[in-house]
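Asks: can't give you the sequence, but here's the structure:
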């Protein structure tokens with residue numbers, strides 16, 4: 001799995017999804033918890049990538065905000081698709 005970054009990146013949201021399900025959350029709430037975990041990871045990876053590119057100040061904030069914005073778009077699209085079906 002270490003040579004498959006997309007697969008290894010899904011472990012934490014999957015763990016959150018399972019933990020929420022075991023804790024008694026509904027399927028929709030557990031899925032939202034998993035998506036929220038993915039959003040946090042995406043934002044953290046955006047920040048780490050910006051730091052690796054040696055960005056500082058407003059450039060670091062802008063890059064991290066774009067990563068978080070993409071995560072929010074993911075959440076909106078997931079909820080939109082679920083409500084359309």
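Replies: Nice, thanks for sending it over. Being a predicted model, the structure only gives us computed values, none of them experimental. Residues are numbered from 1 along each chain as shown.
Asks: just how off-centre is the lowest-mean-pLDDT helix or strand in the chain within its chain?
Replies: Counting by mean pLDDT, DSSP states H and E, the chain has its least confident helix or strand at helix 5-9, which shows a mean of 73. Centroid separation between helix 5-9 and its chain, computed with Cα atoms, centre = their mean, to the nearest Å, is 12 Å.
Asks: Repeat that for stretch 57-73.
Replies: That offset, for stretch 57-73, works out to 13 Å (Cα atoms, centre = their mean).
Asks: got the residue ranges for the strands in this protein?
Replies: For the chain, no strands are identified by DSSP state E.
Asks: And the helices in it, which stretches?
Replies: With DSSP state H as the criterion, the chain has helices at 5-9, 11-22, 27-52, 58-84.
Asks: Lowest mean pLDDT across those, which one is that?
Replies: Lowest mean pLDDT of the helices of the chain: helix 5-9, a mean of 73.
Asks: List the buried residues of it.
Replies: For helix 5-9, the neighbour count (16 or more other Cβ atoms under 10 Å) marks no residue as buried. Quick note: C-beta positions are derived from backbone N, CA and C, even for glycine.
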